[in-house]
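*Asks:* The following block contains a protein sequence and its predicted model.
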Protein chains: 2
Amino acid sequence: MFFRCLAVDKQTKARYGELRFLNHRIPTPVFMPVGTQGTVKTLTPQQLKETDTKIILCNAYHLCLRPGEKIIKQSGGIHKFMGWDGAIITDSGGYQVFSLSGLTKISDNGVEFQSPIDGTRFFLTPENMMQIQKDIGADIIMPFDECVPYPCEKDRASVAVKRTTEWAERCLNMHTNRQQILFGIVQGSVFKELRIECARSLVEMNFEGYSIGGLSVGEGSVLMNEVLDYTVDYLPEDRPRYLMGVGFPVDILNAVERGIDMFDCVVPTRNGRNGCAFTSMGRVKILNSQYKEDSSPLDQMCNCYTCCNFSRAYLRHLFLAHEILGLTLLSLHNICFFQNLMQQIRESIKNGDFKNFKNEFLSRQSD
Amino acid sequence: MFFRCLAVDKQTKARYGELRFLNHRIPTPVFMPVGTQGTVKTLTPQQLKETDTKIILCNAYHLCLRPGEKIIKQSGGIHKFMGWDGAIITDSGGYQVFSLSGLTKISDNGVEFQSPIDGTRFFLTPENMMQIQKDIGADIIMPFDECVPYPCEKDRASVAVKRTTEWAERCLNMHTNRQQILFGIVQGSVFKELRIECARSLVEMNFEGYSIGGLSVGEGSVLMNEVLDYTVDYLPEDRPRYLMGVGFPVDILNAVERGIDMFDCVVPTRNGRNGCAFTSMGRVKILNSQYKEDSSPLDQMCNCYTCCNFSRAYLRHLFLAHEILGLTLLSLHNICFFQNLMQQIRESIKNGDFKNFKNEFLSRQSD
């Protein structure tokens, strides 16, 4: 069994469980820091390990553009290449193909586009995206999907759902490597009918897990929560559910409440590099002059390396002086904050206390 | 005894010794990585510790401009502020006042200048530079000196030597804090008469150690070695000798041969950030296309974190992808390389084998 659900909250759909594969035991709900280009920005794998991170997300689209999947394969796969012995999931990069590439031409067969790095022409199909992800060698992989922007006409969203569903089937047919776990990705923008249609078709194909894509792209939390409310009901209880690209702590709490098990987001690292720290009392913008002489740690409740060793005054100095160490220390703290939040979420579900925990956590956040 | 000389090479002036103060035991010759603004660029104190670094150099001029010595004092001093429990030496920043500041006005009393950061006017004197360094709280401090550029007319160099000598005396008169160790700085550009005059005057004042400043500023290695050849003879054998701002491995070897005990240089970190690694076989420019598929470590002879965990192909990928982790990993490796070199230098002096070691080391360097 790849996934086991070990406890379900009585008041909500929140659930506590475990992903099991190879030598990995990953308790859920789980947060996966983002290492798009084969590195979680500014951190060594050793530092990442110390944040209690057990699985990270890399991006097959980015890695196939640079350095190229062949170099990763020659190096013995992505784990060895980047020196990370934890688990790795790759997104196929459907989202990135459409949002980052120039001169994209899409057909039912696949997508032709130019590399934004050097203009090289690529043609990606569901089949070669599976081969690329096989070469990269992550533990969990995603089918090639079409992700529409928000807002999106229903007709266009419908075409994308049809294509995403057909491509999912083609990916499944190519999926002969049983050392990797293949998820299906539910698309459908904010249209209930399309989301349900997509979920039903994918569930029929019997994937080992289900991703919900195309959210957190500008629709706002009310619509996102609505989509989750009805979509999750069409996903099987014995498979993990992964909400792609989400999110802020409040988004994570709302999605856990709706039955989501897996999350990834650039927020802790990107905000960290921008000088914004998550703390138990709300966000701290470290460049703010109020921290100039503040000798307290970022977060009194945190026992990460940053909080145990450095004051807000020092961190502010690093950012003012454009010192890279500042980016590292805030990224490290923010990931610890997220992993600590997930740990508390899991405990609260086990203890039948999720709803209370959520309310208390959010009431402590001053912003 | 702050310094003990434990062995002198029979063929050269190279010596093996130890700096002892508080709980620090620092074998010499020693290399001190540079942490100008209160951080050795890109590295956490934890990572720095793992390079076998026991003492680092900070810069009082930079720290007084930003964040200001008062904030450091309030934080409990520079060690606590930056989370480094090893030893710290501060340069007064005479060199930086002249090379970085705008609208500098120098008189026998001190230097008036504008902050290159925000234009604030500062007036630094030997006396307030001692107070600044007391507030910063490093273990070893430097007097305020006048460092002339190269080339320099003898007359101008002579005025600077006179001023440096007078300022050294004023600093010594201010030096009431016996928890800090004050060095004297020998100036004199490349003029034998001036260097000897400066050294003699400072030695009469009886400092606990002697720095040689104003070298490695463009005069080249032949002239630098000449200056060291005669200057060191005028310094007492029972005090450590510190060659400021030097250097590349070959410079360090040449200076150790001439009786120098202490070094600092930005080269390992700056070159690391520029993608240039020092290895036992010479320098590796990591962006070079020959490393594209090179799965070997930077240096087969090195057992640092970088060399134990990452290939040249991965490091090249990080630099191509503008990933900060690349800067960190090369800086870490380069400092390890320098500390490993110092360790080998000390062993070779103890074993009476320095000259052989130096020749063998340099013959292995392909560049």
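*Replies:* Nice, I can see it.
*Asks:* How about the contacts made by the nearest residue to residue A:234 once chain neighbours are set aside?
*Replies:* Of all residues not flanking residue A:234 in the chain, residue A:199 sits nearest, at 3.9 Å (Cβ to Cβ, 6 or more residues apart in numbering or on different chains). Bear in mind the C-beta positions are built from the backbone N, C-alpha and C, glycine included. Residues near residue A:199 by Cβ atoms under 8 Å, 6 or more residues apart in numbering or on different chains: A:186, A:210, A:231, A:234, A:235.
*Asks:* what's near enough to touch the fourth one?
*Replies:* In other words, residue A:234. Neighbouring residues of residue A:234 by Cβ under 8 Å, 6+ apart: A:195, A:196, A:199, A:200, A:203.
*Asks:* out of those residues, which are buried?
*Replies:* A:195, A:196, A:199, A:203 (16 or more other Cβ atoms under 10 Å in any protein chain shown).
*Asks:* which bits of the stretch 1-150 of chain A sit near chain B?
*Replies:* A:37-39, A:41-47, A:66-67, A:71, A:74-76, A:81-83 (Cβ under 8 Å from any Cβ of the partner chain).
*Asks:* quick revisit: out of the contacts of residue A:199, list just those in helices.
*Replies:* residue A:231 (DSSP state H).
*Asks:* so can I have CSV of the contacts of residue A:199 showing pLDDT?
*Replies:* What follows is these, written out as CSV (pLDDT from 0 to 100):
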residue, pLDDT
A:186, 98
A:210, 98
A:231, 98
A:234, 98
A:235, 98
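*Asks:* out of the contacts of residue A:199, which is most surrounded?
*Replies:* Each of these was scored by neighbour count (other Cβ atoms under 10 Å in any protein chain shown); the top score is that of residue A:186, with 34 neighbours.
*Asks:* Residue A:209 is in contact with that one, correct?
*Replies:* No: using Cβ atoms under 8 Å, residue A:186 is not in contact with residue A:209; the gap is 11.2 Å.
*Asks:* any idea how far the nearest residue to residue A:265 once chain neighbours are set aside is from residue B:147?
*Replies:* Spatially, and ignoring its direct neighbours in sequence, residue A:265 is nearest to residue A:247 (5.4 Å; Cβ to Cβ, 6+ apart). Separation of residue A:247 from residue B:147 (Cβ to Cβ, to the nearest Å) stands at 54 Å.
*Asks:* These two: which is more packed in?
*Replies:* Taking other Cβ under 10 Å, residue A:247 and residue B:147 do not tie; residue B:147 has more neighbours (25 against 21).
*Asks:* show me what contacts the nearest residue to the more buried one once chain neighbours are set aside?
*Replies:* Excluding the flanking residues, the one nearest residue B:147 by Cβ to Cβ, 6+ apart is residue B:95, at 4.3 Å. Taking Cβ under 8 Å, 6+ apart, we find residue B:95 in contact with B:147, B:213, B:214, B:244, B:245.
*Asks:* How is the first one assigned, secondary-structure-wise?
*Replies:* When you say that, I think you mean residue B:147. Following DSSP: H, G, I helix; E, B strand; the rest coil, we place residue B:147 in the coil state.
*Asks:* now it: how far from chain A?
*Replies:* Here residue B:147 is placed at a distance of 23 Å from chain A (Cβ to the nearest Cβ, to the nearest Å).
*Asks:* do the second one as well
*Replies:* Relative to chain A, residue B:213 is positioned 24 Å away (criterion: Cβ to the nearest Cβ).
*Asks:* Which phi and psi values does residue A:248 adopt?
*Replies:* For residue A:248, the backbone dihedrals (degrees, to the nearest 10) come out as phi -70, psi 160.
*Asks:* Likewise for residue A:122?
*Replies:* Reported as degrees, to the nearest 10, the phi and psi values for residue A:122 are phi -120, psi 150.
*Asks:* just checking, it touches residue A:112?
*Replies:* Yes: the criterion here is Cβ under 8 Å, and residue A:122 meets it with residue A:112 at 7.2 Å.
*Asks:* Skip the chain neighbours and tell me the closest residue to residue A:205.
*Replies:* Nearest to residue A:205 is residue A:172, by Cβ to Cβ, 6+ apart, at 5.6 Å.
*Asks:* Can you report how many residues neighbour that neighbour?
*Replies:* The tally of other residues near residue A:172 (other Cβ under 10 Å) stands at 17.
*Asks:* Okay, it and residue A:144: tell me how far apart.
*Replies:* Taken as Cβ to Cβ, the span from residue A:172 to residue A:144 is 12 Å.
*Asks:* returning to that earlier point: the host helix or strand of the residue nearest to residue A:234 - what's its average pLDDT?
*Replies:* Using DSSP states H and E, residue A:199 falls within helix A:192-205. The pLDDT scores in helix A:192-205 average 98.
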